[in-house]
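Student: Predicted model follows, preceded by the sequence.
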Amino acid sequence: MKNKAIIAVFAVSALVAGGVYLLGQNSGEIAENGEGARNTGFGAGQKAIIYKSPTCGCCVGYAEELEKRGFEVEVAMTEDMDAIKDKYGVTPDKQSCHTIAVGDYFIEGHVPMEAVEKLLKEKPSIDGIGLPRMPSGTPGMPGPKRAPYEVYQLKGGVFSEFLTI
């Protein structure tokens, strides 16, 4: 009987320890995927409006990535993406599938979060940043990174390098 009591105490202790461990693991997952950190990321308190075509699915993945960083995301569906690109001065060779407005800046396409964070922390005197096309491995795009991401900036109609990742 005494052995059964010892085994029972040991089993309960193991279950409690395992539960505490798993709770700690879940907290890590929540922090990594941003669910528990919505208001602690570099986008906390900022609104991001994503202009996208109703037929584009990868933009949803990018919106989720912004939400993980704390942004309040609004998705604006439009059939006239050309008007949005024109509004921000994004020429055809610099375009991607969606355009985002954050404060006074535009963010064109699947720009890595590292570049978005740099933009919002440094607040340079530019119109916005972008990453042409839809490169593999960027937020919202499946697959591996195949080449450096060359993020551009636009200031007064002139494109130049912002950041290479």
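Tutor: Nice, I can see it. Here the structure is a predicted model, which means the values were calculated and not measured.
Student: going forward, measure contacts and count neighbours with C-alpha atoms only.
Tutor: Fine.
Student: How is Ala121 assigned, secondary-structure-wise?
Tutor: If you look again at residue 121, you'll see it is Lys, not Ala. helix (DSSP: H, G, I helix; E, B strand; the rest coil).
Student: Look at it and report its pLDDT.
Tutor: Confidence at Lys121, expressed as pLDDT, is 96.
Student: same deal with Lys2?
Tutor: We note a pLDDT of 47 for Lys2 in this prediction.
Student: next one: Gly41
Tutor: What the model reports for Gly41 is a pLDDT of 88.
Student: What sits closest to it if chain neighbours are left out?
Tutor: Spatial nearest neighbour of Gly41, excluding adjacent residues (CA to CA, 6 or more residues apart in numbering): Arg69 at 4.4 Å.
Student: thinking the one you found is in contact with Lys47, fair?
Tutor: No. Using CA atoms under 8 Å, Arg69 is not in contact with Lys47, being 11.4 Å away.
Student: More neighbours: which of those two?
Tutor: Arg69 (22 against 18; other CA atoms under 10 Å).
Student: First-to-last residue distance for stretch 148-165?
Tutor: Length of stretch 148-165, first residue to last, CA to CA, to the nearest Å: 6 Å.
Student: what about that stretch, average pLDDT?
Tutor: So the average pLDDT for stretch 148-165 ends up being 97.
Student: buried ones in it?
Tutor: Of the residues in stretch 148-165, 149-154, 159, 162-163 count as buried by neighbour count, 16 or more other CA atoms under 10 Å.
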